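Asker: Build me a model from this:
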Amino acid sequence: RVKARAGALDAARDLLGTAEAEPLTDVQQAGVDLVRAQLAFVTSRGNDAPSLLLKAARRLEPIDVDLSRATYLEALSAGIFAGRLASPGSGVAEVARAAGTASRPAHAPHALDLLLDGLAADYSDGYAAGLPMLRAALDTFGVGMSAEEELHWLWLASVTAMRIWDDDRWEALSARHVQLAREAGAFSELPLALTSRAYVLMFAGDLAAAASLVDEAGAVMEAIGGNLAPYGALGLAALRGDEAEALALVEATREDVTRRGEGVGITFAQWANAFLKNGLGDYRNAMAAALDAVGYEKDTGSMFWAVVELIEAAVRSETHETAADAYQRLEEMTGASGTDWALGLQARSLALLSEGDEAEALYRDAITRLGRTRLRVDLARAHLVYGEWLRRERRRADAREHLRTAHEMLAEMGLTAFAERAGRELRATGETARRRTVAARHEGLTAQETQIARLARDGLSNPEIGTRLFISAHTVQYHLRKVFAKLDITSRSQLDRVLPAEPASVRRPR
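Answerer: Numbering: from 1, shown residues only. Predicted coordinates:
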């Protein structure tokens, strides 16, 4: 199927060339424009795709309103990817303005219509303007859609859930995206699906499961010759606090996406850099990276995580005006959203800018709200900054409680840099941070062995595992023998008790 996919792309290009050699009607030319634009987006996700899709959407408008509106929505997706590197006149804000003038559908608006109108309003009129339509779009997403249509739009739906701070929707849509992409053997969609799902797992604190999906995405990309930026690997390295790997990925990603015009990759690379440096306590460099990440103001939705990092880094660098300005940008989104995730991060960020009883109330509110989400990383960081504040208030006993919680959570999840930061603060209160001296047995597995073991535990046969990972069934069996030896077990049925299950935090706590 991989070879078939590559051949299909080549064949499509050849057919386009043949078609354009003949006189075409308006309908035929519109079809050619659309296919050419879609090919550009699928093969490179570079900055030529938005203008091509916008041209196709306009040409289709008098011919097929529904197809035209769907093409405007594809142009918005392409504009998000192009970001700050978009060609003149085809940035996401320009595409949104054009989409806002698109012909209305003849029928009652369905999920894709609401998604288009909501994103157009978001970029043109502000976050709050688009929010009701985006929520309505996600409420009805999938209704009346074929599996093929649903698969095509699930990445944008998942990203929208993340942008409106809806972790329930993000969880459900990302899981559905992976499921449909695997079932359909949609290799061009699968890396995006796996990456989106990996981020859900990362922020839930299950870095091992996220790493398995990142490895799978890498295997797919290698097999099909794809060139999506390594967003998953970037996030993992940053969360783990692996400075050498993270910085190498940041630099490589910036070079690659700049060459191809995938500007959102710069935003993500610099967000990862800022997250890493905040964990390491290198706040000046964290602030510089975060400022770069939020520097493209035409796409506020792609940089919202970086605003959170900027606030913390700027406060710690005693650059309070920068922190206050960043907080205003954050509050415009989180205040409108009103979810526990949004308001929890808003409270945590404002607490860093506050003093006395106001700061304490905000820290406690952040912990309460984030504790109602599946986002254990954000919750652990709330305990950390509250503990740091308490220590500076000379309330050592109270500080120890929150720093100990933060240290244990961060160490368990594998956020090494943040865990060490919590450990330093804990030692400053007079308590020694306990080290994890006995590693769980599964931690001795390599990344590929962990991935194979998890798939075997979930009931996949050796051939099914091999198909998913692009290796032979014989190679799968070889790795499973090594897994059994390392885990001191003798059969697949025993994997369930020696491998960690997906944490309860991936599901919303009761």
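Asker: what residue ranges in the stretch 201-350 of the chain score low on pLDDT?
Answerer: Low-confidence segments of the stretch 201-350 of the chain, defined by pLDDT under 70: 300-302.
Asker: Would you map the helices across it?
Answerer: According to DSSP state H, counting those that start in this stretch, the stretch 201-350 of the chain carries its helices in the segments 207-224, 231-240, 243-260, 264-280, 283-293, 304-316, 320-337, 340-352.
Asker: Turn these into TSV, columns for mean neighbour count.
Answerer: No exception for glycine: its C-beta is placed from N, CA and C like everyone else's. Shown next, in TSV, are the helices of the stretch 201-350 of the chain (neighbours: other C-beta atoms under 10 Å):
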stretch	mean neighbour count
helix 207-224	21
helix 231-240	25
helix 243-260	17
helix 264-280	26
helix 283-293	21
helix 304-316	25
helix 320-337	18
helix 340-352	23
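Asker: I'd like the ones you listed laid out as JSON lines, including distance to Arg396.
Answerer: Output for the helices of the stretch 201-350 of the chain, formatted as JSON lines (distance: least, C-beta to C-beta, whole Å):
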{"stretch": "helix 207-224", "distance to Arg396": "31"}
{"stretch": "helix 231-240", "distance to Arg396": "29"}
{"stretch": "helix 243-260", "distance to Arg396": "30"}
{"stretch": "helix 264-280", "distance to Arg396": "23"}
{"stretch": "helix 283-293", "distance to Arg396": "23"}
{"stretch": "helix 304-316", "distance to Arg396": "21"}
{"stretch": "helix 320-337", "distance to Arg396": "26"}
{"stretch": "helix 340-352", "distance to Arg396": "19"}
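Asker: among the ones you listed, which is nearest Ile452?
Answerer: Relative to Ile452, the nearest member of the helices of the stretch 201-350 of the chain by C-beta to C-beta is helix 207-224, separated by 9.0 Å.
Asker: Tell me which other helices or strands that closest one touches.
Answerer: helix 2-20, helix 190-204, helix 231-240, helix 447-457, helix 462-469 (3 or more C-beta pairs under 8 Å, 6 or more residues apart in numbering; DSSP states H and E).
Asker: and Pro88, helix, strand or coil?
Answerer: coil (DSSP: H, G, I helix; E, B strand; the rest coil).
Asker: check contacts around the nearest residue to Leu194 once chain neighbours are set aside.
Answerer: The spatially closest residue to Leu194, leaving aside those adjacent along the chain, is Ala217, at 4.0 Å (C-beta to C-beta, 6 or more residues apart in numbering). Contacts for Ala217 (C-beta atoms under 8 Å, 6 or more residues apart in numbering) come out as Leu190, Pro191, Leu194, Thr195, Ala198, Leu228, Gly232.
Asker: 7 Å - rerun?
Answerer: Counting by C-beta atoms under 7 Å, 6 or more residues apart in numbering, Ala217 makes contact with Pro191, Leu194, Thr195, Gly232.
Asker: Gly466 versus that one, what's the distance?
Answerer: Using C-beta to C-beta, to the nearest Å, we find Ala217 at a distance of 17 Å from Gly466.
Asker: close enough to count as contact, Val178 and Pro191?
Answerer: No - counting by C-beta atoms under 7 Å, Val178 sits too far from Pro191 to count as a contact (10.7 Å).
Asker: of these two, who's got more company?
Answerer: Pro191 (25 against 21; other C-beta atoms under 10 Å).
Asker: Verify the stated contact: that one with Met221.
Answerer: Yes - with contact defined as C-beta under 7 Å, Pro191 counts as touching Met221 (5.4 Å).
Asker: who touches both of the two?
Answerer: Listed as contacting both Pro191 and Met221 by C-beta under 7 Å, 6+ apart are Leu228.
Asker: Please report how far the residue nearest to Leu194 lies from Leu190.
Answerer: Using C-beta to C-beta, one gets 7 Å for the distance from Ala217 to Leu190.
Asker: Leu15 now?
Answerer: The gap separating Leu15 from Leu190 is 25 Å, by C-beta to C-beta.
Asker: Give me the more crowded residue out of the two.
Answerer: Ranked by neighbour count (other C-beta under 10 Å), Leu15 and Leu190 place Leu190 first, with 24 against 12.
Asker: Can you report how many residues lie near the closest residue to that one other than its chain neighbours?
Answerer: Nearest non-adjacent residue to Leu190, counting by C-beta to C-beta, 6+ apart: Ala181, 4.4 Å away. Neighbour count of Ala181, defined by other C-beta under 10 Å: 23.
Asker: same thing with His107?
Answerer: Applying other C-beta under 10 Å, we find 9 residues neighbouring His107.
Asker: Next up, the contacts around the nearest residue to Arg492 once chain neighbours are set aside.
Answerer: With C-beta to C-beta, 6+ apart as the criterion, Arg492 has its nearest non-adjacent residue at 5.2 Å, and that residue is Ala456. The contact partners of Ala456, taken as C-beta under 7 Å, 6+ apart, are Ile465, Leu480, Arg492, Leu495.
Asker: separation between Ala456 and Ala223?
Answerer: Distance of Ala456 to Ala223, given as C-beta to C-beta: 21 Å.
Asker: neighbour-wise, which of the contacts of Ala456 leads?
Answerer: With neighbours defined as other C-beta under 10 Å, the most crowded of the contacts of Ala456 is Ile465; it has 23 neighbours.
Asker: Would you quantify the distance from Ala246 to Leu362?
Answerer: 30 Å.
Asker: Can you report how many residues lie near the closest residue to Gly235 other than its chain neighbours?
Answerer: Nearest non-adjacent residue to Gly235, counting by C-beta to C-beta, 6+ apart: Met202, 5.5 Å away. As a burial measure, Met202 scores 26 neighbours (other C-beta under 10 Å).
Asker: The one 4 residues further on too?
Answerer: As a burial measure, Asp206 scores 23 neighbours (other C-beta under 10 Å).
Asker: now it: how far from Glu255?
Answerer: Using C-beta to C-beta, Asp206 is found at 31 Å from Glu255.
Asker: repeat for Trp153
Answerer: Distance, Trp153 to Glu255, using C-beta to C-beta: 31 Å.
Asker: Name the helix or strand of this protein that has the lowest mean pLDDT.
Answerer: helix 2-20 (a mean of 70; mean pLDDT, DSSP states H and E).
Asker: Give the next helix or strand downstream of that one.
Answerer: Where DSSP states H and E defines the elements, the next helix or strand beyond helix 2-20 is helix 26-44.
Asker: Which strands and helices lie in contact with that following helix?
Answerer: Under the contact criterion of 3 or more C-beta pairs under 7 Å, 6 or more residues apart in numbering; DSSP states H and E, helix 26-44 touches helix 2-20, helix 49-60, helix 65-82.
Asker: now Ser337, nearest residue through space, not along the chain?
Answerer: Of all residues not flanking Ser337 in the chain, Trp165 sits nearest, at 4.4 Å (C-beta to C-beta, 6+ apart).
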